[in-house]
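# Let me see the structure of the following:
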Amino acid sequence: MTKEKGSTNHSEPSESINPKFTAEAVCDLANKNSKEELQTTTVRELCRKIAELEAKVNVQQMANSVRLEKLEGRK
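Below is the predicted model:
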């Protein structure tokens, strides 16, 4: 059994090979961008809330310091 010159032994493409951009892949990509936007928004909101809490703690610490100084001054 001899091969003809120039012939190749290629098989037909299998059905398991998918195109790079299927409708499902595009939908998944769109959902991923939506999830990333939601995550970014959530992180920004959490950072804002943390900053608010830090500001409240700082105000409370200053008030406690003032009270403590007044109490110590009375002795």
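
# Where does Glu45 sit: helix, strand or coil?
Taking DSSP: H, G, I helix; E, B strand; the rest coil as the rule, one finds Glu45 in the helix state.

# Please report the distance of it from Lys70.
Note on Glu45: its distance to Lys70, by Cβ to Cβ, to the nearest Å, is 38 Å. Heads up, the C-betas are built off the backbone N, CA and C, glycines and all.

# In this structure, where is pLDDT below threshold?
Along the chain, the model assigns pLDDT under 70 to residues 1-19, 75.

# 90 - rerun?
1-34, 73-75 (pLDDT under 90).

# so where do the strands sit in it?
Remark: no strands are assigned in the chain by DSSP state E.

# ok, which stretches of it are helices?
Taking DSSP state H as the criterion, the chain carries its helices at 23-74.

# Can you get me a residue count around Val26?
10 (other Cβ atoms under 10 Å).

# same question, the one 4 residues further on
Here the neighbour count serves as a burial measure; for Ala30 (other Cβ under 10 Å) it reads 10.

# gap between it and Gly73?
Counting by Cβ to Cβ - Ala30 and Gly73 are separated by 65 Å.
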